[in-house]
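S.K.: below are the sequence and a predicted model for it; my questions follow.
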Amino acid sequence: MRWRSSGRESKGSDVLTREVWIASGTQLVTDLTATIADFCRDLGDGLLNVFVPHATAGVAVIEIGSGSEHDLQATIDRLWPPDVPYSHRHGSPGHGRDHVLPAFVAPSLVLPVVGGRLALGTWQSVVLVDSNGDNPERRVRLTFVPG
Amino acid sequence: MRWRSSGRESKGSDVLTREVWIASGTQLVTDLTATIADFCRDLGDGLLNVFVPHATAGVAVIEIGSGSEHDLQATIDRLWPPDVPYSHRHGSPGHGRDHVLPAFVAPSLVLPVVGGRLALGTWQSVVLVDSNGDNPERRVRLTFVPG
Amino acid sequence: MRWRSSGRESKGSDVLTREVWIASGTQLVTDLTATIADFCRDLGDGLLNVFVPHATAGVAVIEIGSGSEHDLQATIDRLWPPDVPYSHRHGSPGHGRDHVLPAFVAPSLVLPVVGGRLALGTWQSVVLVDSNGDNPERRVRLTFVPG
């Protein structure tokens, strides 16, 4: 995964915040786990916020690599079909759906960090959920608050 | 938007927490962005929690002003119709639905604050999602944790 | 509710993090409120993160004891039926559904703590939402960040 830091590290503060660019391509699910784990390394204990500053994307914690990415796409297309009528008419067809989905798959997530490691379960990955294929790159802001 | 502070500012601590009243009326979506931005001003860097202490409301980050409020209402009425049978029978008809929705549109949200400003994307607003029209006023607790 | 601490308390830090075991049985909803309230007692003001390190469970804030547990089960079975075809084929039948649900009922939640008490509303409880009946015990990590 390609990423560029576009960040600002706080000075004289224990908060560390940085915005990274993610090559999200056109697929629904993009794995963010390694990027986030790199950011947390050596940061000790605390809470990490993953925030996507886009109105048509969210963040989730799911298992990947065993078919759930495909199941998530099928579920979203079944429950939030792009072709029902939407009031929001900007952008590509189906863009109205992309604007509703973040109410249910929120663009913000908090993860515990213990000893500089994400305290994820064995089968959990942190993923961008982006039903809007028009944006091959997305920004993600990572913010760490230690004790 | 009318709001009253009902807060408690922590003494001798870096945590700042305050409860505000929001005039949410009878509509589904109420914009909280300006209220939250006011709270964060001059607070530096950190994480802000927006928490709604009500069992029939949630918080979301969506674009507003381009039709998505209406699309969200239509989506909720389609997927969580008020008129399917519910076990929960207190309150007005359809109130059972209002009690299920917060499992999917949670009453808690964390936002990054950088230099006293909410680090939202251009098209993002923070909104109360309240399918329960019986309460024209709602409380929202804002809690800031700096570094 | 039975629970065992399996924790690690940070040394020389203001962060307190601990993993507890929850007897979640086979039901969808397990109340975590008392366990979390115990953890927060005497911790002052700050934010608490509730994180479930499992790929088939989530956390929610709902009213319990008035039928909403049953309504949540009915809603999940209606919108995310276990018997539609899923790509994910590990585990018991319907396990594909269990892996999709955490994208919508996330395994992470942040709660405000004021004076050592969870600042929940009168009718709110914090619950584990676990559609996967194969695991009668679940781990939950509690992490507190004070000011």
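M.R.: Okay, I see it.

S.K.: just to be sure, residue A:76 is in a helix?
M.R.: Yes - applying DSSP: H, G, I helix; E, B strand; the rest coil, one finds residue A:76 inside a helix.

S.K.: what about stretch A:73-93, start to end distance?
M.R.: Terminal residues of stretch A:73-93 are spaced 17 Å apart (CA to CA, to the nearest Å).

S.K.: buried stuff in it?
M.R.: Residues A:73-76, A:80, A:86, A:88 are the ones in stretch A:73-93 that count as buried (16 or more other CB atoms under 10 Å in any protein chain shown). (C-beta placed from N, C-alpha, C; glycine too.)

S.K.: show me which of those residues is closest to residue C:133.
M.R.: Distance ranking of the buried residues of stretch A:73-93 against residue C:133, using CB to CB, places residue A:75 first at 20.2 Å.

S.K.: near chain B, which residues of chain A are found?
M.R.: A:8, A:10, A:13-17, A:47, A:49, A:51-55, A:79-80, A:84, A:86-90, A:96, A:99-100, A:102-104, A:106-108, A:110, A:139, A:141, A:143, A:145-146 (CB under 8 Å from any CB of the partner chain).

S.K.: where do the helices sit along chain A?
M.R.: Along chain A, the stretches classed as helices by DSSP state H are A:33-40, A:68-79, A:95-100.

S.K.: name the residues that touch the first one?
M.R.: When you say that, I think you mean helix A:33-40. A:1, A:3, A:18, A:20, A:22, A:48, A:50, A:111, A:113, A:116-118, A:120, A:125-127, A:140, A:142, A:144 (CB atoms under 8 Å, 6 or more residues apart in numbering or on different chains).

S.K.: sorry, back to before: please identify the deepest-packed of the helices of chain A.
M.R.: Across the helices of chain A, averaging neighbours per residue (mean count of other CB atoms under 10 Å in any protein chain shown) puts helix A:95-100 on top, at a mean of 24.

S.K.: and chain C, is that one touching that?
M.R.: No - against chain C, helix A:95-100 shows no contacts by CB under 8 Å from any CB, the least distance being 13.0 Å.

S.K.: okay, the angle between the longest strand seen in chain A and strand B:137-146?
M.R.: Counting residues, the longest strand found in chain A (DSSP state E) is strand A:137-146. Between strand A:137-146 and strand B:137-146, the angle formed by their directions is 70 degrees, by axes from the mean of the first three to the mean of the last three CA atoms, to 10 degrees.

S.K.: what does the pLDDT read for residue A:134?
M.R.: With respect to pLDDT, residue A:134 scores 87.

S.K.: cool, residue A:94 as well?
M.R.: 77.

S.K.: quick one: residues contacting it.
M.R.: A:82-83.

S.K.: how close does it get to residue B:100?
M.R.: 27 Å (CB to CB, to the nearest Å).

S.K.: thinking again about what came up before, name the helices or strands packed onto the longest strand of chain A?
M.R.: strand A:16-23, helix A:33-40, strand A:46-51, strand B:46-51 (3 or more CB pairs under 8 Å, 6 or more residues apart in numbering or on different chains; DSSP states H and E).

S.K.: show me what counts as buried in that strand.
M.R.: Here strand A:137-146 shows A:138-146 as buried, counting by 16+ other CB under 10 Å.

S.K.: what are the pairing partners of it, and which direction each?
M.R.: strand A:16-23 (antiparallel), strand A:46-51 (antiparallel) (DSSP bridges).

S.K.: from those strands, which stretch is densest packed?
M.R.: Taking mean count of other CB under 10 Å, strand A:46-51 is the most buried of the strands paired with strand A:137-146, at a mean of 26.

S.K.: tell me how far it is from the chain's mean position?
M.R.: Using CA atoms, centre = their mean, to the nearest Å, the mean C-alpha position of strand A:46-51 is found 11 Å from that of the whole chain.

S.K.: average pLDDT across it?
M.R.: pLDDT averaged over strand A:46-51 gives 97.

S.K.: what sits against residue A:55?
M.R.: The contact partners of residue A:55, by CB under 8 Å, 6+ apart, come to A:99, A:102, B:61-63, B:121, B:123-124.

S.K.: same question for residue A:79.
M.R.: B:79, C:79.

S.K.: on that earlier part again, from the buried residues of strand A:137-146, which has minimum pLDDT?
M.R.: residue A:146 (83).

S.K.: okay, and the beta partners of the closest residue to that residue other than its chain neighbours?
M.R.: Using CB to CB, 6 or more residues apart in numbering or on different chains and skipping the chain neighbours, the partner closest in space to residue A:146 is residue A:46 (3.8 Å). Beta bridges link residue A:46 to residue A:113, residue A:146, judged by DSSP bridges.

S.K.: and the one 4 residues further on, by the same measure?
M.R.: Residues found in beta-bridge contact with residue A:50 (criterion: DSSP bridges) are residue A:109, residue A:142.

S.K.: so it sits against residue A:59, correct?
M.R.: Yes - contact criterion CB atoms under 8 Å: residue A:50 and residue A:59 qualify, at 5.2 Å.

S.K.: what residues does chain A put near chain C?
M.R.: Within reach of chain C by CB under 8 Å from any CB, chain A has these residues: A:44-47, A:60-63, A:66-68, A:70-72, A:74-75, A:78-79, A:104-106, A:109-112, A:114, A:119-124, A:129, A:145-147.

S.K.: distance of the residue lying closest to residue A:134 once chain neighbours are set aside relative to chain B?
M.R.: Closest residue to residue A:134 apart from its sequence neighbours, by CB to CB, 6+ apart: residue A:92 at 5.8 Å. Relative to chain B, residue A:92 is positioned 14 Å away (CB to the nearest CB, to the nearest Å).

S.K.: residue A:92 is in contact with residue A:99, isn't it?
M.R.: No - assessed by CB under 8 Å, residue A:92 is found out of contact with residue A:99, at 11.7 Å.

S.K.: once you drop chain neighbours, what's closest to residue A:106?
M.R.: residue A:58 (5.6 Å).

S.K.: residue A:137 now?
M.R.: Closest residue in space to residue A:137, ignoring its immediate chain neighbours: residue A:21 at 5.5 Å, by CB to CB, 6+ apart.

S.K.: where does that neighbour land on pLDDT?
M.R.: 97.

S.K.: so what sits opposite it in the bridge?
M.R.: Here residue A:21, judged by DSSP bridges, has bridge partners residue A:139.

S.K.: and it, how far from residue A:77?
M.R.: Taking CB to CB, one finds residue A:21 at 27 Å from residue A:77.

S.K.: residue A:44 now?
M.R.: 41 Å.

S.K.: about what we covered before: distance to residue B:34 for the helices and strands packed on strand A:137-146 - can I get that in a markdown table?
M.R.: Compiled in a markdown table, the helices and strands packed on strand A:137-146 are given as follows (distance: least, CB to CB, whole Å):
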| stretch | distance to residue B:34 |
| --- | --- |
| strand A:16-23 | 22 |
| helix A:33-40 | 31 |
| strand A:46-51 | 19 |
| strand B:46-51 | 13 |
